[in-house]
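**Q** Turn this into a structure:
(one chain, ligands or ions: 2)
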Amino acid sequence: MTATLITGIGQLVTCDGSGPDGLGLRDDQAVIASDGVINWIGPAAAAPAADTMIDCAGRTVIPGFVDSHTHLVFAGDRSAEFTARMAGKPYDGGGIGTTVAATRSADDDQLRSLIAGRVAAARAQGTTTLEIKSGYGLTVEEEVRALRLAGEFTTETTFLGGHVVPAELAADRAGYVDLVCGPMLTAAAPYARWIDVFCEPNSPHAFTAEESRMILTAGAAAGLELRVHGNQLGPGPGVRLAVELGAASVDHCTHLTDADVDALAGAADTTVATLLPGVEFATRSPYPDGARLAAAGVSIALASDCNPGTCHSSSMPFMIALAVRELGLTPAQALLAATVGGARALRRTDIGAIAIGRRADLAVIDTPSYLHLAYSPGMALTMALDPDSRERQ
Ligand code: NIG
Ligand code: FE
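**A** Numbers count the residues shown, from 1 in each chain. Ligands and ions are numbered 1, 2, ... in the order given. From the prediction side, this is the model:
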């Protein structure tokens, strides 16, 4: 067993729920991790000896970000689509087909190296846990391949065969839903923890409430846990379906009725509302009202949704800055949503906070306080730090 002493911490932000804002701020503290798990937190002056030492030189230490929603398995480039949107073209999910074609034509080594680069970029911004979805394969073989490759980087793999109806089956939606619920699910389930669906009647490419229900119910029967893309492009059934089926998270939550907010508040112990403000940034859509959700008592997570279409960024500090500037969350609420909120969205109690028994997945911010995550957007401030972590994700 190797013990690492992490000392020289300026501000320790535990996100352990204590204190007036739940941030659990502590001064003059040190942390000891053994084999990647925190086993001592206390006054730096009283720290016991350890095998190795990391000196943070007065920097701020926070839990590593838990990015509970990404689509990192893809090839190709859609920067032209982004540019067209900035000139006023709306997003309707149609560009997903472009990425499906590019991803299918990439070989395993190309895809693996693209994912590795994206995981490294996320870590450089302080992310220590990533969920990764399939959804740009949309055949049995391609979805399994995407999940197998995602599984090389994370245990939080999500089967998203229900992303859109692929072009070759556009005339046979029912046939595609049967494929997703049948042979594709059977083949994908061993490689996935989660199943997700793009429940969006406002997009001609995505799935209706009934189609989404079939996909999620089949996934649950195959032993997968549920997540939902819902209420992204307009008001819709996604949130209420997610709550009804006990999904761990419903993601986007951009267009919510009062009934949706009530449903989420009533289900706060089960279903997290995951906000993805990078999507509104990159699609020129109205931002979700985070303050309204927080005031209603909804359990909130913040994630990147990093994908080639609606948000080509995995920067959690950027998402925090947007959450504070555009969603109305306080800096404390935004940081909690990006750490312990993401952990809750993944039903994980071993990450997301700095506490005894949790994994020593930390991020160091080269600033005097966590406030700089929102105050200093676009600055290179963070890096992941997970001493002795045997399993990265
Ligand atoms: O979460 N909304 C559905 N899926 C992705 C976008 C995928 C794409 O456009 O490639 C999202 O925004
Ligand atoms: Fe997404």
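**Q** top helix in this structure by residue count?
**A** Among the segments of the chain that qualify as a helix by DSSP state H, the longest is helix 108-124.
**Q** and the next element down the chain from that one?
**A** Going down the chain from helix 108-124, the next helix or strand is strand 127-130, by DSSP states H and E.
**Q** Partner strands of that next one, with direction?
**A** Using DSSP bridges, the strands paired with strand 127-130 are strand 65-67 (parallel).
**Q** packing partners for the longest helix of the chain?
**A** Under the contact criterion of 3 or more CB pairs under 8 Å, 6 or more residues apart in numbering; DSSP states H and E, helix 108-124 touches helix 140-150, strand 382-385. No exception for glycine: its C-beta is placed from N, CA and C like everyone else's.
**Q** Just put the ones you listed in TSV and tack on mean pLDDT and mean neighbour count.
**A** Shown next, in TSV, are those (pLDDT from 0 to 100; neighbours: other CB atoms under 10 Å):
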stretch	mean pLDDT	mean neighbour count
helix 140-150	98	22
strand 382-385	80	21
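**Q** For my notes, please list these in TSV and give distance to ligand 1 for each entry.
**A** Listed next are the helices and strands packed on helix 108-124 as TSV, based on distance: least, CB to the nearest ligand atom, whole Å:
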stretch	distance to ligand 1
helix 140-150	13
strand 382-385	23
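**Q** Take those and lay them out in JSON lines including distance to Ala323.
**A** JSON lines is the format used below for the helices and strands packed on helix 108-124 (distance: least, CB to CB, whole Å):
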{"stretch": "helix 140-150", "distance to Ala323": "26"}
{"stretch": "strand 382-385", "distance to Ala323": "16"}
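**Q** Just list the residues touching the residue of the stretch 251-393 of the chain found nearest ligand 1, thanks.
**A** Distance from ligand 1 to each residue of the stretch 251-393 of the chain (CB to the nearest ligand atom) is smallest for Gly309, at 2.1 Å. Residues in contact with Gly309 (CB atoms under 8 Å, 6 or more residues apart in numbering) are 78, 81, 91, 93, 95-96, 99.
**Q** Show residues contacting stretch 43-58.
**A** Contact with stretch 43-58 is made by 2-10, 28-30, 32, 40, 364, 368, 385, 387, as judged by CB under 8 Å, 6+ apart.
**Q** what about Cys322, neighbour count?
**A** In this structure residue 322 is Leu, not Cys. Using other CB atoms under 10 Å, the number of residues around Leu322 comes to 26.
**Q** give me the number of residues near the residue lying closest to it once chain neighbours are set aside?
**A** Closest residue in space to Leu322, ignoring its immediate chain neighbours: Pro277 at 3.9 Å, by CB to CB, 6 or more residues apart in numbering. Around Pro277 there are 30 other residues, counting by other CB under 10 Å.
**Q** I'd guessed Pro277 sits against Leu327; true?
**A** Yes: contact criterion CB atoms under 8 Å: Pro277 and Leu327 qualify, at 5.8 Å.
**Q** Pull up the overlap in contacts between these two.
**A** Common contact partners of Pro277 and Leu327 (CB under 8 Å, 6+ apart): 287-288.
**Q** Up against ligand 1, what does the stretch 151-300 of the chain have?
**A** Within the stretch 151-300 of the chain, the residues that sit near ligand 1 (CB under 6 Å from any ligand atom) are 198, 229, 232, 279.
**Q** Out of the residues you listed, grab the one that's most surrounded.
**A** Within these, most neighbours by other CB under 10 Å means His229, with 31 neighbours.
**Q** What does the nearest residue to it once chain neighbours are set aside show for phi and psi?
**A** The shortest distance from His229 to any non-neighbouring residue, by CB to CB, 6+ apart, is to Phe198 (4.5 Å). With angles defined as degrees, to the nearest 10, Phe198 sits at phi -90, psi 90.
**Q** For Phe198, report the pLDDT, please.
**A** pLDDT for Phe198: 98.
**Q** do you know which of the helices and strands packed on helix 108-124 lies nearest Phe159?
**A** With CB to CB, the closest approach to Phe159 among the helices and strands packed on helix 108-124 belongs to helix 140-150: 6.2 Å.
**Q** what comes into contact with that closest one?
**A** Helix 140-150 is contacted from outside by 72-73, 103-104, 108, 111-112, 115, 132-137, 157, 159, 161, 179, 183-184, 187-188, 191-192, using CB under 8 Å, 6+ apart.
**Q** Compute the number of surrounding residues for Arg292.
**A** Arg292 is flanked by 14 other residues according to other CB under 10 Å.
**Q** What's the mean pLDDT across the helix or strand encompassing it?
**A** Assessed by DSSP H and E, Arg292 sits inside helix 290-296. Taken as a whole, helix 290-296 has an average pLDDT of 98.
**Q** Show me what that helix is packed against.
**A** With contacts taken as 3+ CB pairs under 8 Å, 6+ apart, helix 290-296 sits against helix 258-266, strand 272-275, strand 300-302.
**Q** can you give me the offset of that helix from its chain's centre?
**A** 19 Å (CA atoms, centre = their mean, to the nearest Å).
**Q** Alright, calling it a day.
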